[in-house]
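[1] Curious how this folds, go ahead:
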Amino acid sequence: MDPRPFISHRLLPTGHLQTMVGTLFGGAPQWSGTRYEKIPLPDGDELVLGIDWAPGDDGSKPLILLMHGLGGSGESSYIRRQCYLLNKYGFSVLRFNHRGCGPAALDQARHIYHSGRTADLAATLAYVQRAWPGRRCAVVGYSLSGNLLLRYLGTTAASSYPHLLQALAVCPAVDLERSSQALMRPSNWHIDRFFSFHVTRQALAHEARRAPEERRPLRHGLNLRQFDAAYTAPVAGFASRDEYYALSSAKDVLGHIELPTLILAAADDPIVPVASFAGLRLSAQTTLRIEDGGGHMGFISHDVTALGDRRWLDAQVLAWAQSL
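    Model (predicted):
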């Protein structure tokens, strides 16, 4: 990655502005040719994996697995944009969809996804190893998936993923309780409503496929913290929201990560407070890079990048992939 620090665009000096502009103006390109494969899970559900081969795929280059954040999918604008860019520079990309997310995925999911479903990532990596034996792979996890990726690496021996080269976690919510509390701030009302609307919509679509007598009561209007207490935690089998957050956060296992891993965060992230990273014990294989600005996955820069735009994060992900 470029070692030079990120400098926010002069019109987007705050984390809130960086987050909103980065989200609302995703600039996702359109293309055809994506192949979709179903990955069976131990509990009978399936994941949908999008596969985008680079022109003239070079087997010496690692596959790049991109993992989306809360309320999104492998079709989210930032995933599509970075997939297109990586393909352009010769990297074949696997677009991960959490269970119930992605094209026609609800038909394959009886259970919901959440921040601690590391077994779903394990199943995906096992599939990659079977489908392309000997091919190396690197993983990028955003936000919720960044936490899940770190949680998986911190609780799993390196011998379980011999084909993995490196991992990159972007704005990972490593302390779910702290992030949940941050979203309750009045200044984050609009962000909380954005996420709660999308996750409630996904949950209602999921419940609509159940028999009427099996549907759980759920409505729009809950904030994300209420949603996790009323729906995520009980449906996922946790005794409470507190237990869900405690058992699914990555903050306590970062010292056990054996794979070379980079954590990229922003000090003005309104969703993942920079205090989430204070005092954490990191393994020797883990590097934490905190930029002064950038918001939550915004990173719209003051200067034009080498790619000809101001998407600093895209340029960093590409540089990271090329460094592999």
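[2] From here on, just use CA atoms for contacts and neighbour counts.
    Fine.
[3] Show me where the stretch 201-324 of the chain has its strands.
    Listed in chain order, the strands of the stretch 201-324 of the chain (DSSP state E, counting those that start in this stretch) span 261-266, 286-291.
[4] how about the ones you listed in JSON lines, adding mean pLDDT, distance to residue 13 and mean neighbour count?
    Converted to JSON lines, the strands of the stretch 201-324 of the chain look like this (pLDDT from 0 to 100; distance: least, Cα to Cα, whole Å; neighbours: other Cα atoms under 10 Å):
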{"stretch": "strand 261-266", "mean pLDDT": "98", "distance to residue 13": "13", "mean neighbour count": "22"}
{"stretch": "strand 286-291", "mean pLDDT": "98", "distance to residue 13": "13", "mean neighbour count": "17"}
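[5] Distance from the chain centre to the helix or strand bottoming out on mean pLDDT in the chain, please.
    Here the helix or strand of the chain ranked lowest by mean pLDDT, DSSP states H and E is helix 189-207, holding a mean of 91. In this view, helix 189-207 has its centroid 16 Å away from the chain centroid, taken as Cα atoms, centre = their mean, to the nearest Å.
[6] So what touches that helix?
    Taking contacts as Cα atoms under 8 Å, 6 or more residues apart in numbering, the residues outside helix 189-207 that touch it are 70-72, 100, 106, 110, 112, 183-184, 215-216, 218-224, 227.
[7] now could you export just the CA positions of that helix as CSV?
    Extracted in CSV, the C-alpha atoms of helix 189-207 (Å, rounded to 0.1, in the frame of the first residue of the first chain):
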residue,chain,number,x,y,z
TRP,A,189,-29.2,9.0,13.4
HIS,A,190,-29.2,9.1,9.6
ILE,A,191,-26.5,6.4,9.4
ASP,A,192,-28.3,4.2,11.9
ARG,A,193,-31.6,4.5,9.9
PHE,A,194,-29.8,3.6,6.7
PHE,A,195,-28.4,0.4,8.1
SER,A,196,-31.5,-0.5,10.1
PHE,A,197,-33.7,0.0,7.0
HIS,A,198,-31.6,-2.3,4.9
VAL,A,199,-31.2,-5.1,7.5
THR,A,200,-34.9,-5.0,8.4
ARG,A,201,-35.8,-5.2,4.7
GLN,A,202,-33.5,-8.2,4.4
ALA,A,203,-35.0,-9.8,7.5
LEU,A,204,-38.6,-9.2,6.4
ALA,A,205,-37.8,-10.8,3.0
HIS,A,206,-36.3,-13.8,4.9
GLU,A,207,-39.3,-14.1,7.2
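[8] May I see the buried residues of it?
    Residues 191-193, 195-197, 199-204, 206-207 are the ones in helix 189-207 that count as buried (16 or more other Cα atoms under 10 Å).
[9] and which of those residues is nearest residue 41?
    residue 206 (17.5 Å; Cα to Cα).
[10] close enough to count as contact, residue 12 and residue 18?
    Yes - under the criterion of Cα atoms under 8 Å, residue 12 makes contact with residue 18 at 5.7 Å.
[11] re the thing from before, buried subset of the contacts of helix 189-207?
    70-72, 100, 106, 110, 112, 183-184, 222-224, 227.
[12] Need these in TSV (columns: distance to residue 133 and pLDDT).
    Compiled in TSV, the buried ones among the contacts of helix 189-207 are given as follows (distance: Cα to Cα, whole Å; pLDDT from 0 to 100):
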residue	distance to residue 133	pLDDT
70	31	93
71	32	89
72	30	91
100	27	89
106	29	74
110	30	86
112	30	91
183	42	96
184	46	95
222	45	94
223	44	95
224	40	95
227	41	95
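[13] so residue 152 is in which element?
    Assigned by DSSP states H and E, residue 152 belongs to helix 144-155.
[14] which other helices and strands contact that helix?
    If contacts are counted by 3 or more Cα pairs under 8 Å, 6 or more residues apart in numbering; DSSP states H and E, helix 144-155 sits against helix 118-131, strand 137-142, strand 164-170.
[15] closest to residue 24 out of those?
    strand 137-142 (16.5 Å).
[16] Sheet-wise, list the partners of the closest one with their directions.
    Strand pairing for strand 137-142, determined by DSSP bridges: strand 63-67 (parallel), strand 164-170 (parallel).
[17] With only the CA atoms kept, save it in CSV.
    As requested, the backbone C-alpha atoms of strand 137-142 are provided in CSV (Å, rounded to 0.1, in the frame of the first residue of the first chain):
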residue,chain,number,x,y,z
CYS,A,137,-6.0,-16.5,-2.3
ALA,A,138,-6.2,-13.2,-0.4
VAL,A,139,-9.3,-11.8,1.4
VAL,A,140,-10.6,-8.3,1.9
GLY,A,141,-13.4,-7.8,4.5
TYR,A,142,-15.3,-4.6,4.8
